[in-house]
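Trainee: here are the coordinates; sequence isn't available:
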């Protein structure tokens, strides 16, 4: 009986402490990235800061291209009833990532050798190691969650995006004139290296736990590609806008003003990150559970909480940012970041409608309506390009930010339309 009591206490502590610790790590990571954004804008020249924005967007885009959402198929294999060793799945997943990452690296090296301008030629060599370390950390983190180690995944995320950002924020605050773009990228690379090493150490136990550690074959890989393709194209459509908007903006107005766009996009994106960490990640599992159990009242109640939280938080945060941001000029002291507040307004509105679309997004995912979500995401991309083309005739400055808003507005309307059309009447909000 005493042993049973001790076990119950340990389980209770783990159930309460570990989720709280994971949330704390995630909050610290978000705050550190947010502080780094402003401190880098202060320390770097607008050209360097704009380039850093392009560089970061390209790294994230390459991650999603190489990852191809293949973890969806690996997760299904690991959680399925078939007798396949975990080590075999992990090894085969690694073979797939090696092939996709190698392809991207080859194309990037060709670009660097023959087409890179001065900016990319000077620090572009950081991209391949940062991309590879981030890819390993991202994919291992996802698989750790599937393997029942969410806290380990949170620690990997903290080393990937948090601890090096904290250290650089401190250095940028006290020695802003001594820290340059190369120092920032070097810190990112080292942080990624530590995170990738840690993720491999955490997953090593599963890799060597039984099985022959054999490659499951190219047939298994192609089946995985087919399974993951809709999820990959869906995610890639969103990431494409978040990457191409910066390159298109630079093409329209130049690298100097791009710095302002990068800062504004980072500020607006922080709203979504905080909502995801504090609201969506907490309520979505409950929404899924309510759908699976057929409890329509709980399902609708949770969606209302999501919708209310997303609307109120995004609106109040946007108003607060618009009121406070002009005073940040006393800290950054560069006029380029304060001359184009209209761009910030468009990007904040984009984040508001995107946050509202995420409520419908989770409602559709809970119902396994993956194809509907995929159709909405893929349809948004051509709309974005058409909008950029049309608006550019009227304003080169606002062509991209206005088009981001139109694309996300379409996404919100499309997802909610599908929700009301596909969801059974007793699970609809109205």
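Mentor: Happy to help now that I have it. Quick caveat, the model's predicted, so the values are computed rather than measured.
Trainee: Apart from its neighbours in sequence, what residue is nearest the spatially most central residue of the chain?
Mentor: Nearest to the mean C-alpha position of the chain, by Cα atoms, centre = their mean, lies residue 60 at 7.8 Å. Distances taken as Cβ to Cβ, 6 or more residues apart in numbering place residue 239 nearest to residue 60, at 6.4 Å, with adjacent residues excluded. Heads up, the C-betas are built off the backbone N, CA and C, glycines and all.
Trainee: got a list of what residue 177 touches?
Mentor: residue 43 (Cβ atoms under 8 Å, 6 or more residues apart in numbering).
Trainee: now it, what's its secondary structure?
Mentor: coil (DSSP: H, G, I helix; E, B strand; the rest coil).
Trainee: ditto for the one 10 residues further on
Mentor: Remark: residue 187 carries the secondary structure label helix [criterion: three-state DSSP].
Trainee: returning to what we had before: give me the next element, helix or strand, following the helix or strand where the residue nearest to residue 60 lies.
Mentor: Residue 239 is part of helix 218-253, with elements assigned from DSSP states H and E. Downstream of helix 218-253, the next assigned helix or strand under DSSP H and E is helix 255-275.
Trainee: coming back round to it: helices and strands around the helix holding residue 239, which ones?
Mentor: helix 46-67, helix 71-79, helix 86-114, helix 255-275, helix 370-391, helix 399-422 (3 or more Cβ pairs under 8 Å, 6 or more residues apart in numbering; DSSP states H and E).
Trainee: State whether the residue nearest to the centre of the chain and residue 243 are indeed in contact, as I suppose.
Mentor: Yes: when contacts are counted by Cβ atoms under 8 Å, residue 60 is listed as touching residue 243 (7.0 Å).
Trainee: so what's the backbone phi/psi at residue 254?
Mentor: Per-residue torsions, residue 254: phi 100, psi 170 (degrees, to the nearest 10).
Trainee: Can you tell me how far it is from residue 47?
Mentor: In this view, residue 254 and residue 47 are 9 Å apart by Cβ to Cβ, to the nearest Å.
Trainee: again with residue 102
Mentor: According to Cβ to Cβ, residue 102 stands 32 Å off from residue 47.
Trainee: Those two: which is more packed in?
Mentor: residue 47 (15 against 12; other Cβ atoms under 10 Å).
Trainee: how far away is the nearest residue to that one once chain neighbours are set aside from residue 188?
Mentor: Leaving out its chain neighbours, the residue that sits closest to residue 47 by Cβ to Cβ, 6+ apart is residue 255, at 5.2 Å. Distance of residue 255 to residue 188, computed by Cβ to Cβ: 20 Å.
Trainee: Tell me which of the two has more neighbours.
Mentor: residue 188 (25 against 17).
Trainee: Could you check the pLDDT of the more buried one?
Mentor: Note for residue 188: predicted pLDDT of 93.
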